[in-house]
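Engineer: Below are the sequence and a predicted model; questions follow.
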Amino acid sequence: MPKLKTKKSAAKRFRATGSGKILRRKAFKNHLLQHKSTKRKRDLSHLAVVDERDADNVRLMMPYM
């Protein structure tokens, strides 16, 4: 069997925790930030856990995670 390739776009966006959950960044913190409140921007800075329904697809893109 040949080695499986990692989707590099997924490797840049996701990472795994020690317990095997997958973390992602939150959306809406790229631009147009001046009208968003400081609290909202601060909350968007935290990492979020990928939903369990999507986690299987992410694991397929990153076979060695």
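Structural biologist: Sure thing, it's come through.
Engineer: helices and strands around whichever helix in the chain runs longest, which ones?
Structural biologist: In the chain, taking DSSP state H as the definition, the longest helix is helix 52-61. Here helix 52-61 touches strand 22-24, going by 3 or more C-beta pairs under 8 Å, 6 or more residues apart in numbering; DSSP states H and E. Bear in mind the C-beta positions are built from the backbone N, C-alpha and C, glycine included.
Engineer: The strand it packs on pairs with which strands?
Structural biologist: Note on strand 22-24: by DSSP bridges, its sheet partners are strand 15-16 (antiparallel), strand 48-49 (antiparallel).
Engineer: tell me which residues in it are buried?
Structural biologist: residue 22 (16 or more other C-beta atoms under 10 Å).
Engineer: With stretch 10-30 instead?
Structural biologist: Those would be 10, 13-14, 22, for stretch 10-30 by 16+ other C-beta under 10 Å.
Engineer: Return the distance of that stretch from the chain's centre.
Structural biologist: Distance of stretch 10-30 from its chain centroid, counting by C-alpha atoms, centre = their mean, to the nearest Å, is 2 Å.
Engineer: do stretch 47-65 as well
Structural biologist: On C-alpha atoms, centre = their mean, the centre of stretch 47-65 falls 8 Å from the chain's centre.
Engineer: Return that stretch as PDB; C-alpha atoms alone will do.
Structural biologist: Output of stretch 47-65 as PDB, limited to C-alpha atoms (Å, rounded to 0.1, in the frame of the first residue of the first chain):
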ATOM      1  CA  LEU A  47     -10.500  27.800  19.500                       C
ATOM      2  CA  ALA A  48     -13.600  25.700  19.000                       C
ATOM      3  CA  VAL A  49     -14.100  22.000  18.800                       C
ATOM      4  CA  VAL A  50     -15.200  20.600  15.500                       C
ATOM      5  CA  ASP A  51     -18.700  19.100  15.600                       C
ATOM      6  CA  GLU A  52     -18.700  15.300  15.900                       C
ATOM      7  CA  ARG A  53     -20.600  15.100  12.600                       C
ATOM      8  CA  ASP A  54     -17.800  16.800  10.700                       C
ATOM      9  CA  ALA A  55     -14.900  15.200  12.600                       C
ATOM     10  CA  ASP A  56     -14.900  12.100  10.500                       C
ATOM     11  CA  ASN A  57     -14.500  14.100   7.300                       C
ATOM     12  CA  VAL A  58     -11.600  16.000   8.800                       C
ATOM     13  CA  ARG A  59      -9.900  12.700   9.900                       C
ATOM     14  CA  LEU A  60     -10.200  11.400   6.400                       C
ATOM     15  CA  MET A  61      -8.300  14.500   5.100                       C
ATOM     16  CA  MET A  62      -5.600  14.000   7.800                       C
ATOM     17  CA  PRO A  63      -5.000  10.300   8.100                       C
ATOM     18  CA  TYR A  64      -1.900  10.600  10.400                       C
ATOM     19  CA  MET A  65      -3.500  13.000  12.900                       C
END
